[in-house]
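1. next comes the sequence, and after it the predicted model I'd like to discuss.
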Amino acid sequence: MTSILKISPEIESALKKKMPVVALESTIVTHGMPWPQNLETAQQVEQDVRDNGAIPATIAVFDGFIHIGLSKEQLEWLAKSKNSMKLSRADLAYALSKKRIGSTTVAATMMAAELAGIQVFATGGIGGVHKGAETSFDISADLNELGRTNVITVCAGAKAILDIEKTVEVLETEGVPVIGYQTDELPAFWSRQSGVKAPLRLDAPEAIGELWKMRRAINQHGAMLVTNPVPTESEIPASEIASFINTAIKEADARGISGKKVTPFLLGHMFEITNGRSLVTNIALIRNNAQLAAQIAKHC
Ligand code: PSU
Ligand code: MN
């Protein structure tokens with residue numbers, strides 16, 4: 001199985017020495033942010049992980065291999081590419097066998113991290129249950145993956161373009177501990193508040209590491225989801241973002257956007273109608289998550 005992985009020498013040596021490593025996804029680069037902020041952010045987030053004492057491992061698929069740790073050229077290629085695949089559990093093996101280039105979503109990054117032996121992963125926001133899922137059935141494969149794959153996943157909550165209450169219900173069904181980091185309320189990506197109570201709360205990276213070890217002690221499989229509110233100075237309060245979200249969802253409906261295209265469309269449209277403000281917040285929250293993930297990795 002590991003012959004499918006190409007792990008960078010730095011990461012390989014860190015894993016052997018049991019040093020802290022943080023996995024990073026690449027769909028945020030190819031489908032989540034516009035050029036050139038996508039490349040700048042990906043590089044900055046790797047630096048944030050280093051500044052907090054861990055080794056970054058950005059993950060993507062090239063040449064029939066899952067690459068754990070990307071070269072400068074690979075990251076730049078992804079950031080500029082218009083046709084790389086957005087890979088999830090359903091198509092990761094397809095991309096490998098057809099030697100396609102693909103970025104990894106939360107689900108595929110978790111799979112790759114587990115294969116490589118990386119225990120902590122930082123992203124922006126997870127995929128979840130879309131509004132109107134009762135008719136569209138649009139529920140991200142990220143949720144099912146969280147239920148089955150052993151990686152601590154640090155995010156800023158579910159994007160407020162989603163139905164956060166239904167997302168939490170599915171996570172509960174999947175047996176995923178959903179932890180508010182220093183908060184009793186689940187954060188909602190761009191906003192610190194969602195109006196939905198966090199099922200669990202922990203206030204320190206050490207405590208998250210302890211819970212992780214306890215899960216292992218009782219032989220539990222699956223992820224832990226740490227939800228980390230965006231820093232106050234960068235947030236767009238829920239009251240301000242709500243109307244933008246409604247506009248974006250209506251536009252997606254009007255254009256008949258479906259499947260894998262929904263999340264990238266909504267993110268791109270939010271960027272336009274907020275005059276770039278949603279992106280500034282997105283960058284702040286992913287950096288914040290990478291910093292926390294590095295601190296957690298030191299306690300696993
Ligand atoms: N959050 C972001 N930007 C993104 C995503 C999440 O800020 O690009 C990506 C993640 O890779 C996540 C995916 O796994 O969107 C979810 O897509 P879908 O809803 O199609 O499952
Ligand atoms: Mn979907």
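-> Cool, got the structure. Ligands and ions are numbered 1, 2, ... in the order given.

2. tell me where the stretch 1-150 of the chain has strands.
-> 5-7, 21-24, 55-62, 65-68, 85-87, 102-104, 120-122 (DSSP state E, counting those that start in this stretch).

3. output the below-cut-off pLDDT ranges for the stretch 1-150 of the chain.
-> Across the stretch 1-150 of the chain, residues meeting the criterion (pLDDT under 70) sit at 1-2.

4. now the strands of the stretch 1-150 of the chain as a markdown table including distance to ligand 1?
-> Glycine gets a C-beta too; all of them are placed from N, C-alpha and C. A markdown table is the format used below for the strands of the stretch 1-150 of the chain (distance: least, CB to the nearest ligand atom, whole Å):
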| stretch | distance to ligand 1 |
| --- | --- |
| strand 5-7 | 20 |
| strand 21-24 | 11 |
| strand 55-62 | 11 |
| strand 65-68 | 15 |
| strand 85-87 | 7 |
| strand 102-104 | 7 |
| strand 120-122 | 11 |
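
5. which positions in this structure make contact with ligand 1?
-> Contact residues (CB under 6 Å from any ligand atom) of the chain with ligand 1: 25, 27-28, 31-32, 105-106, 124-125, 127, 140-142, 260, 263, 267, 282.

6. tell me which of these fall in helices.
-> Per DSSP state H, helices hold the following members of the residues of the chain next to ligand 1: 27, 106, 141-142, 263, 267, 282.

7. what backbone torsions are found at residue 152?
-> phi -70, psi 120 (degrees, to the nearest 10).

8. ok, it - how many residues close by?
-> Neighbour count of residue 152, defined by other CB atoms under 10 Å: 28.

9. wait, isn't it in contact with residue 223?
-> Yes - here residue 152 lies in contact with residue 223, judged by CB atoms under 8 Å, at a distance of 6.8 Å.

10. relative to residue 292, how far out is the closest residue to residue 293 other than its chain neighbours?
-> Excluding the flanking residues, the one nearest residue 293 by CB to CB, 6 or more residues apart in numbering is residue 122, at 3.7 Å. Residue 122 sits 7 Å away from residue 292, going by CB to CB, to the nearest Å.

11. what does stretch 111-120 contact?
-> Stretch 111-120 is contacted from outside by 1-2, 4-5, 7, 11, 15, 20-23, 54, 57, 59, 66, 68, 89, 92, 104, 121, 145, 149-152, 154, 212, 293-294, 296-297, 300, using CB atoms under 8 Å, 6 or more residues apart in numbering.

12. for PyMOL, write the selection for the buried entries among the residues you listed.
-> Filtering the contacts of stretch 111-120 down to the buried ones (16 or more other CB atoms under 10 Å) takes a single PyMOL command:
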select buried, resi 5+7+11+15+20+21+22+23+54+57+59+66+68+89+92+104+121+145+149+150+151+152+154+212+293+294+296+297+300
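
13. hey, where'd the helices end up in the stretch 151-300 of the chain?
-> If you assign secondary structure with DSSP state H, counting those that start in this stretch, the helices in the stretch 151-300 of the chain sit at 164-173, 205-217, 238-254, 262-273, 277-297.
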